[in-house]
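Novice: Got a predicted model here, sequence first, then my questions.
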Amino acid sequence: MWCSRPCAGKARGLPDKERRARDAQRGLAKARRRRMRLRAAPWDGVADRAILERDRWQCGIPGCRQPARAIDPAVRYPDPASPSVDHIVPLSLGGDDTQRNKRAAHLGCNVARGNRPDEAVLASDLG
């Protein structure tokens, strides 16, 4: 009927702001279902915002090319400079979803890093 979901939302008369809020809620629900499906080690319930504040809004990924590694909270997804939370050992490789395994990151840095564990952090934890 419509070329895409955004077009369908517009056709139904939803204002852009409401449609974005609805889509954000769907994204959160999808992430929760993914965690349950992966059966990641215990989720400690710490929100992503708490991780960003703990790390003082500084990107923790080695090789970050942003000036001063600072993350601007006003920048919004899908901008590569928007805030995200990176799993040091990815969930898909058996990492857990706890604050010990998370760090603040720019979305672009997080995506570029991909599904690889951070060897430097793993070595320091073992040694």
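Specialist: Arrived safely, thanks for sending.
Novice: can we go C-alpha only for contacts and neighbour counts from here?
Specialist: Noted.
Novice: could you give the mean pLDDT of stretch 79-96?
Specialist: Averaging pLDDT along stretch 79-96 yields 89.
Novice: got it, and stretch 114-123?
Specialist: On average, stretch 114-123 scores 69.
Novice: For residue 61, give me the pLDDT.
Specialist: Residue 61 is assigned 93 on the pLDDT scale.
Novice: Tell me how many other residues crowd it.
Specialist: 18 (other CA atoms under 10 Å).
Novice: do residue 58 as well
Specialist: Residue 58: 21 neighbours (other CA under 10 Å).
Novice: show me what contacts it?
Specialist: With contact taken as CA atoms under 8 Å, 6 or more residues apart in numbering, residue 58 is in contact with 52, 69, 70, 71, 104, 105.
Novice: Which one (most neighbours) among the residues you listed?
Specialist: With neighbours taken as other CA under 10 Å, the top of the contacts of residue 58 is residue 105, carrying 29 neighbours.
Novice: What strand or helix carries residue 108?
Specialist: Using DSSP states H and E, residue 108 sits within helix 107-113.
Novice: helices and strands around that helix, which ones?
Specialist: If you count contacts as 3 or more CA pairs under 8 Å, 6 or more residues apart in numbering; DSSP states H and E, helix 107-113 packs onto strand 83-87.
Novice: 10 Å instead?
Specialist: strand 83-87, strand 102-106 (3 or more CA pairs under 10 Å, 6 or more residues apart in numbering; DSSP states H and E).
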